[in-house]
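Visitor: got a sequence here, can you build the structure:
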Amino acid sequence: MKTNTKKKQHNPKVTTEDLKSLVENANDGFVVAKGEGVFVYANKRMAEMTGYRVDELIGLTIRDLLHPNEFKKVMDRYKKRIAGKSILKTYESVFVKKNGESLPVELTAAKTIWQGEPADLGIIRDISERKSRDAEIRQLARIVESSDDAIIGGTLDGTIFSWNHGAERLYGYSEREIKGQRITVLIPPERRDEHPGILSKIKNGEVIDHYETIRMRKGGKRINVSLTASPIKDASGKIVGVSSIARDVTERKLFEEERDRFFNISLDMLCIAGFDGYFKQLNPSWLKTLGWSNEELMSKPYLEFVHPDDRRPTVETATDLAEGQIIITFDNRYLCKDGSYKWISWNSIPIIEEKLIYAVARDVTEQTKAQEEIEKLNKELEHRTIELEAINKELEAFSYSVSHDLRAPLRSIDGFSKILLDDYEDTLNDEGKDCLQRVRAASQRMACLIDDMLKLSHITRFEMRRQPVDLSKLASEIISDLKTAHPDRNVDFKIRSGVTANVDPHLFRIVLENLIGNAMKFSSKRPYGKIEFGFFKQETGPPVYFVRDNGAGFDMNFAYKLFGVFQRLHSSSEFPGTGVGLATVQRVINRHRGRVWAEGAEDKGATFFFTTE
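Guide: You can find the predicted model right below:
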């Protein structure tokens, strides 16, 4: 016999206090409005959300809290509800907090009984965080859609479910064409064996960063891409898919190939170095220059190959480059494999975002040695200059001595000889008179020689002042003086007009005086002399000036003697002179960085040519 026993179910009675406690501690705001929508109740959460105290909320209306732009929408809903039209009980709106800030809210309205009378119940939820998340999601979606990179979402079995405009541009498929297809449609057949490895890493939670590979566009064209792939996780953290970002690096690859070709053919030493102090890429010229292989140079910090004395400035230069200084040129010494050092000259430029330094280096060891030799020679030259200055001072002292100490005795010899000839003419026989006359002639020649030597010395020390000089006018003035000095001479002078040069006018007067004077002297035995001054242009080089005569001429076999001091090709009895004039001419032309030479034949005249810089 069965006995049926029925358990009694106890439904605990919910008291008013319980409900009040639930409302007061709720996460949403609660308000009760009566009459014209005046709040008669508000919970603590409502006060926290709006910034008002509870007692401040009592007596306000929904209109006092609504943003001005929201009031009309809420009133329209209220009118529809009064008219009995069906409307959603929950909707979004915007409140204005006590401090003036906007507060996005979700409102739920319902009828209720408050203290025995009909009333409206409002439940208000702060949706600021949700709105912020929604905005971030929308912004992220816009970024994904506007990105130039291909952003693709796929399942773990490789099925595509997400495809942005960047992917459409890169691969050529529209979203409608590609969604639902396997990712392998984008992978060339020869590359498909790499895909399982990528998926395996993603399933293990790994991220594949900037993996460079080849993908295939619609139509089969291959493109170089840089691929980044990462796991997609659900709310529980479970990996449910793959997100991949692909960037077209075809142009960069072409550039790198061109760069590598240039690297390999360049005679200069080309390199890429990192801010970490290691070489990243080197061309074959490094091996040819230093003897180290690329592997040896790249296995150690490059500073280890720099001469110890050059390491500090090298570090300072590398620091300047890392801080963005655009181009730096500097020199340092690098260790060769045979233990010697070579001077290397660098031009460098940093790529800050890549933390790399691109550099061109050149072996300048021979140039550096040559420069050191030049500096050594310059020091020797300075020393020689000091010695020459001392010699010149001695020569000046000698010139002063010649000018004053030697002239006085010569004047005495000449003077006393003249007195003897004048006062004792009757007592001197012919032989005595001839001796005295010879003494006088010798002393006078000696005086002329001293004068010419002093002039020659003066030419060397004279400070030049170049300026445009009318040589035709200068020659005319000299010829006018010669005509006055030799009125009995029958000479045809031919002077080309408009002959100019950038020279020192004083020194070139000496040149023309000597050359035209010599032409006058050596044509003196002609009944009818001819002297010409002119110039002609060369195909290359400076203009050539000349003085030509129809005088005694000279043997070209002895032309090398013409411009030596005291060198004469004719005797003093035949043509007087000291043999200093043409040496003076040569010194003046040399000081003008020009050249002087002569052409002639015995008894057929001579032509003296000269140029200036």
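Visitor: quick one, strands of the stretch 451-600 of the chain?
Guide: 467-470, 491-495, 500-503, 529-536, 544-549, 596-600 (DSSP state E, counting those that start in this stretch).
Visitor: just confirm residue 226 is within a strand.
Guide: Yes. According to DSSP: H, G, I helix; E, B strand; the rest coil, residue 226 belongs to a strand.
Visitor: for residue 216, see how far away it is.
Guide: Distance of residue 226 to residue 216, computed by Cβ to Cβ, to the nearest Å: 16 Å. (Each C-beta comes from the backbone N, C-alpha and C, glycine too.)
Visitor: kindly report the same for residue 90.
Guide: 50 Å.
Visitor: ok, the two, which is more surrounded?
Guide: When neighbours are counted by other Cβ atoms under 10 Å, residue 90 and residue 216 differ, and residue 216 comes out ahead with 18 against 11.
Visitor: residue 121 sits in which helix or strand?
Guide: strand 117-126 (DSSP states H and E).
Visitor: what lines up beside that strand in the sheet?
Guide: Sheet pairing of strand 117-126 (DSSP bridges) gives strand 29-34 (antiparallel), strand 102-114 (antiparallel).
Visitor: got the contact list for the first one?
Guide: If I follow you right, that is strand 29-34. 23, 39-43, 45-46, 49-50, 57, 61-62, 105, 112, 114, 117-126 (Cβ atoms under 8 Å, 6 or more residues apart in numbering).
Visitor: give me that answer again for 6 Å
Guide: 23, 39-43, 45-46, 49, 114, 119-124 (Cβ atoms under 6 Å, 6 or more residues apart in numbering).
Visitor: among the strands of the stretch 451-600 of the chain, which is nearest residue 358?
Guide: Ranking the strands of the stretch 451-600 of the chain by distance to residue 358, with Cβ to Cβ as the measure, places strand 500-503 first at 48.9 Å.
Visitor: which residues touch the closest one?
Guide: Strand 500-503 is touched from outside by 466, 468-471, 592, 612, with contacts defined as Cβ under 6 Å, 6+ apart.
Visitor: now do stretch 256-276
Guide: Counting by Cβ under 6 Å, 6+ apart, 279-283, 285-286, 289, 322, 355-362 sit against stretch 256-276.
Visitor: do the same with stretch 153-173
Guide: Contacts of stretch 153-173 (Cβ under 6 Å, 6+ apart): 144-145, 147-152, 174-175, 178-179, 181-183, 186, 217-218, 241-243, 248.
Visitor: mind listing what's buried in that stretch?
Guide: Residues 153-154, 158, 160, 162-168, 170-171, 173 are the ones in stretch 153-173 that count as buried (16 or more other Cβ atoms under 10 Å).
Visitor: contact partners for the closest residue to residue 228 other than its chain neighbours?
Guide: Using Cβ to Cβ, 6 or more residues apart in numbering and skipping residues adjacent in sequence, the residue nearest residue 228 is residue 245, 4.7 Å away. Going by Cβ under 6 Å, 6+ apart, residue 245 touches 149, 151, 228.
Visitor: how far away from the center of its chain is the host helix or strand of residue 245?
Guide: Assigned by DSSP H and E, residue 245 falls within strand 239-248. Its chain's C-alpha centre and that of strand 239-248 lie 41 Å apart, by Cα atoms, centre = their mean, to the nearest Å.
Visitor: averaged pLDDT, it. What do you get?
Guide: Computed over strand 239-248, the mean pLDDT rounds to 88.
Visitor: just stretch 345-358 next, same as before
Guide: The pLDDT scores in stretch 345-358 average 89.
Visitor: what sits up against it?
Guide: With Cβ under 6 Å, 6+ apart, stretch 345-358 has contacts from 272-275, 321, 324, 327-331, 359-362, 364.
Visitor: could you identify the buried members of those residues?
Guide: 272-273, 275, 321, 328, 330, 359, 361-362, 364.
Visitor: okay if I get those as CSV plus secondary structure and distance to residue 138?
Guide: Formatted as CSV, the buried ones among the contacts of stretch 345-358 follow (DSSP: H, G, I helix; E, B strand; the rest coil; distance: Cβ to Cβ, whole Å):
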residue, secondary structure, distance to residue 138
272, strand, 42
273, strand, 45
275, coil, 39
321, helix, 43
328, strand, 48
330, strand, 53
359, strand, 47
361, strand, 53
362, strand, 57
364, coil, 61
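Visitor: rewinding a little: just the buried ones among the contacts of stretch 153-173, please.
Guide: So, by 16+ other Cβ under 10 Å, the buried ones in the contacts of stretch 153-173 are 144, 147, 149-152, 178, 183, 186, 241-243, 248.
Visitor: could you check the pLDDT of the closest residue to residue 492 other than its chain neighbours?
Guide: Using Cβ to Cβ, 6+ apart and skipping the chain neighbours, the partner closest in space to residue 492 is residue 530 (5.1 Å). Per-residue pLDDT puts residue 530 at 92.
Visitor: same deal with residue 405?
Guide: 58.
Visitor: swap in residue 364?
Guide: 91.
Visitor: show me the contacts for it.
Guide: Residues near residue 364 by Cβ under 6 Å, 6+ apart: 343, 345.
Visitor: let's see that with 10 Å instead.
Guide: Shown in contact with residue 364 (Cβ atoms under 10 Å, 6 or more residues apart in numbering): 331, 342-346, 370-371.
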